[in-house]
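Asks: Got a sequence here, can you build the structure:
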Amino acid sequence: MTTRSSQRHIRFGMGVALLCCILSLMLNSYYLLLTTSSHRPTVHDAPYAIIVSTDDGNGNSNSLQSTHNPNERPSLAVVSVCISGPRFTPEYINASLSNKRLFCNRWGAMCVLPSERLDNGDMENYHAKWEKLVYINQTLHMEDVDWVLWMDCDAAFTNLEVDWRTHVPLNKSKLMVVSEDKNGINLGVFLVPNTLQSRGFVQQLYEKRHYVEQMQFKWKDQSALIELIKDDPNIKTKIEIVPQRKINSFLKDERNKDGKKWQAYDWIMHQVLCREEAMCTSSFIWTLDSVAGREPDYSAFVGSEKRGLQAKETEAHSSLLIPTQSMCNDTHGDIRSAGVRWYDQATNVNIEMYPIGKKTVGVQIQALSSKSATLLRKHIGRKALRTQQLDHLMNTSELLAESFPKMNKIYHVEKAPNYDHYLGCDNEVQSPRGTALLVTQNFGCNNLWHALANHHGVWTLFKVLGISPKDVTRVLPTEYGTPFASPPRTVADVLWPLYIGTNVINEPQQTNCFERLVFIETNLNRPGPYWEQYQVKEQCSSDTPYMQRHEHFHTEAREIAIQVISNTSDAGSIMASKPEPQVICYMSRRLRDERVRYFSEEFAPIIEDLLDIWAAKHNVDFKRLVFDDKVPFSEQIEQTASCSILFGTHGAGFGHLIWMQSGARVIEIGGTVGCELYYRAMASWYGHHYTCFSDLVGHGVKLDEREVYQSLNMTLLLDVLDDAIKSKLKQ
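Replies: Below is the predicted model:
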């Protein structure tokens, strides 16, 4: 028999169960209200899809290797909605979504990429921008990820090597990670942690749609955020705001004055305020083709009855900062997009060529199977390959065909390597393996300008091809490449780790049957972009891709030299330390044969005595750099690296300024009228302050017909040095 007490317990338990059911129904209704969809789409339902693929969206397998462990759950989902219309053409959408798939494959992330509007009557009354909040919240609720990255359709990844996990602060106590421009917080690109408070905050933004639409605010979801912050100013303290270039750089548009302009190596670009649809699509697709390493689609520029194809191509090049049109904004991606690629069926070989400079071409030959040297030389030897190059360029635009650097007809020790010699395998049983870098004489040249011009070109080709030093097994021929000298005798002997891995440097020496041959060559002076770029009179600003690429090379070369020299002497510790502002170095050419570009026998002692007196008077650390073949190369680097001010007469020794830390002063004594542009350009590339003494009024420089200095205004020179010291002390 049931007691009254037990009956009360039963009724209480039934009441609790009923309350739980009601709460569950309320929560489900709350979530369904947010999704505004009659059912929750699954990973197989269009338009909602979770994609983790090695395909780039065009049926092509991508070679980027994911850093994600497939046994671990993805910690990031990338969400982006692209709806076809006047602003977003099918080509535009395909480029955008393919780009995001590349990122997801690279980092093992989920891609949530709808391409149609939600099928729900409620959304017909609201702007499509509200659907982003629906998909974000769906992903936060349905997927086991730590973070969701929202990107507008016109936003895309432009540096797939950026590690998103460390690139910005990922603080889960915050509601979201955003950037600001001049108009305030921008919700074109942002990160949301998968937390209870963030999910609730997204819901709050979504519920503001009624008010925002009623008031006819312009920015929709961003207006909702503005209104929420007005209601509760404390919300902004819960939002992580990062510098705009971290996550939301604006792709260049002359009308856009509101944010930070996109630059090479930025993680994400955003094409805001782009009103001319045809050019918007062209520039967007070109830029993303560069990221993916695809050849540009010239059909993107067709569509104007008033302007021909060539005019559209010129506009696109200018807008996209292609090297042939705007050197200051030249990026590795631009070089990739301007390349030509083809497959040679007779040899089962892939060929790639890239414009490393106006007259320097970078080449990669990839063997897909074992073939004899005879067969390969017949079909892709130098003469045959040059013919193929010209044929393929004829199938591109007239602009590209004219500007693209051409291969040489014959091998030349200084201009073009003898790659024919390394083609083919001994027999068809062998399998092609390894990568050989083929170089010319200048790679190991004693003249620093010549050598560095070559090295910068090879370094650029490696960046364009995505080649890592550990991928390379040989640098050939042996007289300029492996094995490298220790202690070092040339630039190649200190920079070799830029091109070949330490893990293979001592392995048995392979002489043929390479899977890949890579090289640069020119029909000008010597291979390398220096030979064209030093003549550019208009200096690029330090924040342009062109200057950043040179500074990148400068940084890598200096660091590698430190490592190599540290293994052979104690010089590395000196190079690594920051030089004092008053270390003054005089690059003397006293030991040069026949005193070319040095002072006459009568004049030289006076000059050097005055410099010694000046140095003693000012109590500065004064070094006289007198380099010849007897001075070890590592010692030359060590001495120059400690200089904060370098001066002297024009000569190859100024190439040592690459080892100096950025911000140094370089003073060059040139001819009777001005200086050559070589070291002016190099100083600018590497972040140094340059002065041509021969440009100054009253310089008094006179040379005879043998290029021997006969006079110089020493008072003016010492004044210039005084000013350089004062400037360094102010830094």
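Asks: Leu625 is in what secondary structure piece?
Replies: Element membership for Leu625 (DSSP states H and E) is strand 621-626.
Asks: What residues of that strand count as buried?
Replies: Of the residues in strand 621-626, those buried under the neighbour-count criterion (16 or more other C-beta atoms under 10 Å) are Phe622, Lys623, Arg624, Leu625, Val626. Any C-beta I mention is one placed from the backbone N, CA and C, and that applies to glycine too.
Asks: Same check on stretch 227-247?
Replies: Buried positions in stretch 227-247, judged by neighbour count with 16+ other C-beta under 10 Å: Glu227, Leu228, Ile239, Glu240, Val242, Gln244, Arg245, Lys246, Ile247.
Asks: Excluding sequence neighbours, find me the nearest residue to Tyr343.
Replies: Excluding its sequence neighbours, the residue lying closest to Tyr343 (C-beta to C-beta, 6 or more residues apart in numbering) is Asn350, at 5.6 Å.
Asks: Just give me the closest of the buried residues of strand 621-626 to Ser80.
Replies: Nearest to Ser80 among the buried residues of strand 621-626 is Leu625, at 56.4 Å by C-beta to C-beta.
Asks: Provide the secondary structure category for the residue nearest to the closest one when sequence neighbours are not counted.
Replies: Among residues not flanking Leu625 along the chain, Met587 sits closest, at 5.0 Å (C-beta to C-beta, 6+ apart). Assigned by DSSP: H, G, I helix; E, B strand; the rest coil, the conformation of Met587 is strand.
Asks: Tell me the spacing between Met587 and Thr649.
Replies: 8 Å (C-beta to C-beta, to the nearest Å).
Asks: what are the ranges of the strands in the stretch 501-650 of the chain?
Replies: Taking DSSP state E, counting those that start in this stretch, the strands of the stretch 501-650 of the chain run over residues 516-522, 583-588, 621-626, 645-649.
Asks: Pull the contacting residues for the residue nearest to Leu625.
Replies: Neighbouring residues of Met587 by C-beta atoms under 8 Å, 6 or more residues apart in numbering: Leu625, Leu646, Phe647, Gly648, Thr649, Gly651, Gly653, Phe654, His656.
Asks: 6 Å instead, please
Replies: Residues in contact with Met587 (C-beta atoms under 6 Å, 6 or more residues apart in numbering) are Leu625, Gly648, Gly653.
Asks: Can you tell me how far it is from Phe647?
Replies: 7 Å.
Asks: Is it correct that the residue nearest to Tyr343 falls within a helix?
Replies: No: using three-state DSSP, the assignment for Asn350 is strand, not a helix.
Asks: So what pairs up with it in the strands?
Replies: Tyr343, Gln366 (DSSP bridges).
Asks: what's the burial count for it?
Replies: Using other C-beta atoms under 10 Å, Asn350 has 15 other residues around it.
Asks: phi, psi of Ile500?
Replies: phi -140, psi 140 (degrees, to the nearest 10).
Asks: How about it: what's its closest non-neighbour residue?
Replies: Once flanking residues are discounted, Ile500 sits nearest to Val472: 4.4 Å by C-beta to C-beta, 6+ apart.
Asks: what's the neighbour count on the one you found?
Replies: 24.
Asks: who's in contact with it?
Replies: Neighbouring residues of Val472 by C-beta under 6 Å, 6+ apart: Thr435, Leu437, Tyr499, Ile500.
Asks: quick one: which of those has the most company?
Replies: Within the contacts of Val472, most neighbours by other C-beta under 10 Å means Leu437, with 28 neighbours.
Asks: tell me the mean pLDDT for the strand or helix carrying that residue?
Replies: According to DSSP H and E, Leu437 maps onto strand 435-438. Average pLDDT, strand 435-438: 94.
Asks: and what of stretch 267-278?
Replies: On average, stretch 267-278 scores 78.
Asks: And for stretch 632-646?
Replies: 91.
Asks: do the same with stretch 179-186
Replies: In the prediction, stretch 179-186 has an average pLDDT of 88.
Asks: Next, the buried residues of it.
Replies: So stretch 179-186, judged by 16+ other C-beta under 10 Å, has buried residues Ser179, Asp181, Ile185, Asn186.
Asks: quick one: the first one from Gln263, how far?
Replies: Separation of Ser179 from Gln263 (C-beta to C-beta): 15 Å.
Asks: Over to the third one?
Replies: Distance of Ile185 to Gln263, computed by C-beta to C-beta: 22 Å.
Asks: Check the closest residue in space to Leu718 that isn't next to it in sequence and give its pLDDT.
Replies: Leaving aside its sequence neighbours, Leu718 sits nearest to Trp614 (C-beta to C-beta, 6+ apart; 5.3 Å). You'll see Trp614 listed with a pLDDT of 87.
Asks: what's around Gly698, how many residues?
Replies: 7.
Asks: Can you tell me how far it is from Leu717?
Replies: Applying C-beta to C-beta to Gly698 and Leu717 gives a distance of 11 Å.
Asks: pLDDT below threshold where in the stretch 151-300 of the chain?
Replies: Along the stretch 151-300 of the chain, the model assigns pLDDT under 70 to residues 252-258, 264, 275-279, 290, 292-300.
Asks: mind listing the strands for it?
Replies: Using DSSP E, counting those that start in this stretch, the strands of the stretch 151-300 of the chain run over residues 155-157, 176-181, 184-193, 239-242, 249-250, 268-270.
Asks: quick one: contacts of the third one?
Replies: By C-beta under 6 Å, 6+ apart, the surrounding residues in contact with strand 184-193 are 147-152, 155, 172, 176-179, 198, 221-222, 247-248, 268, 270.
Asks: could you redo the last one with a cut-off of 8 Å?
Replies: Strand 184-193 has contacts (C-beta under 8 Å, 6+ apart) with 136, 140, 146-152, 154-155, 168, 170-172, 174-180, 198, 202, 221-222, 225-226, 239, 241, 244, 247-248, 259, 268, 270, 272.
Asks: Can you select the buried ones from those residues in PyMOL?
Replies: Only the buried entries of the contacts of strand 184-193 go into this PyMOL selection, using 16+ other C-beta under 10 Å:
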select buried, resi 136+140+147+148+149+150+151+152+154+155+168+170+174+175+176+177+178+179+198+202+221+222+225+226+239+244+247+248+259+268+270+272
